[in-house]
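**Q** Quick one: sequence plus predicted model below, questions after.
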Amino acid sequence: MFVIRQIHKYLGISVAVLLLISAVTGFLRANYVWYWKPGYKQHKHPITEDSRYIQAPGIGISELETIIVKKGGVAKIKSLELLNLCGRLLYKVYADNGVLVVDAMTGELLTPIREDFAIEIATQYVSGSFPVKNITDLRDYVPFKGHNPHQVYRVNFDDNGNTEIFIDKYSGDVVEELDNRRRFAQFIVNLHDFNFLNLKRTLLCILGLSLVSLSVSGIFLFCRNSRQEITLSGR
């Protein structure tokens, strides 16, 4: 009986702590505007007059297929985009073997993109002009709101928010944008979801089993006490 009471007590304390964490983080998630920084994965620098217009590309579709084949790629193009990126007219080609970036004027295959070009892209997503602290080539990086791994450049800027921009090495897309405020937001979400070290399902199962055990032990103790009270009153 003493053992069951002790188990019930410590289960109650543990569950209370977990429920308190869930309540506090839920409140913070509901009021994310207090700490979330707007402009996520958006350009922070205004569009210049020269970059408002896209000129006619110098490379046609047939030439584009030839360039891809010469570089060892698959010529079958599913779709493509024509975009102005960092003042350069580019084709973003969606082919069977992935995404390729090609200079639309010269035909130069830019995939995988170089570090200096990744820095140039990342700079557009930082408010203000700050030097680059370092750049790191990462394999199998999974963004916070994603499941598929990417090979990326992590560009770290020397600013007050310790901003990091993650650029896909093959498409040039911004995969993730982090600073201190967004890291805090991600921590709150992970804490609310009990999502640490890929143990979300395990931790939720532990919480569920703890609640069941707490309920069962509570009912047992209640019934036991009620029976003792009936016995005493019958005397």
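**A** Structure's in. What do you need? Being a predicted model, the structure only gives us computed values, none of them experimental.
**Q** Pull the contacting residues for the closest residue to M105 other than its chain neighbours.
**A** Excluding the flanking residues, the one nearest M105 by C-beta to C-beta, 6 or more residues apart in numbering is G58, at 4.3 Å. No exception for glycine: its C-beta is placed from N, CA and C like everyone else's. G58 sits next to A104, M105, T106, G107 when contact means C-beta atoms under 8 Å, 6 or more residues apart in numbering.
**Q** Helices along this structure, start to end?
**A** For the chain, applying DSSP state H gives helices covering 2-30, 61-70, 115-123, 180-193, 200-234.
**Q** quick one, which of the ones you listed is packed in tightest?
**A** Counting by mean count of other C-beta atoms under 10 Å, helix 115-123 has the highest mean neighbour count of the helices of the chain, with a mean of 18.
**Q** Now do it: everything it contacts.
**A** Residues from elsewhere that reach helix 115-123 (C-beta under 8 Å, 6+ apart): 45, 85-86, 110, 113, 132, 135, 137, 153, 155, 157, 165, 167, 169, 172, 174.
**Q** Quick one: residues contacting Y141.
**A** For Y141, the contacting residues are P149, H150, Q151, V152, R154, F166, V175, E176, by C-beta under 8 Å, 6+ apart.
**Q** per-residue confidence for F2?
**A** The model reports F2 with a pLDDT of 70.
**Q** next one: R227
**A** 69.
**Q** again, but for F187
**A** For F187, the predicted pLDDT is 90.
**Q** State the distance from it to E115.
**A** 29 Å (C-beta to C-beta, to the nearest Å).
**Q** and D103, how many neighbours?
**A** 17 (other C-beta atoms under 10 Å).
**Q** Which residues are in contact with the spatially most central residue of the chain?
**A** Centroid check for the chain by C-alpha atoms, centre = their mean gives F144 as the closest residue, at 1.6 Å. With contact set as C-beta under 8 Å, 6+ apart, F144 has these partners: E176, Q186, V189.
**Q** Equivalent analysis for R181, please.
**A** Y35, W36, K37, G161.
**Q** and P143, backbone torsions?
**A** Phi and psi for P143, reported as degrees, to the nearest 10, are phi -70, psi 170.
**Q** what about stretch 112-131, how long is it end to end?
**A** In stretch 112-131, first residue to last residue: 23 Å (C-alpha to C-alpha, to the nearest Å).
**Q** Would you mind measuring from V212 to F2?
**A** V212 is 22 Å from F2, by C-beta to C-beta.
**Q** ok, now F166?
**A** According to C-beta to C-beta, F166 stands 55 Å off from F2.
**Q** Can you list the low-confidence ranges for this protein?
**A** Counting by pLDDT under 70, the low-confidence segments of the chain come to 1, 46-54, 71-75, 197-201, 203, 227-235.
**Q** Which one of the contacts of helix 115-123 is nearest to L64?
**A** Of all the contacts of helix 115-123, L110 has the smallest distance to L64: 12.8 Å, by C-beta to C-beta.
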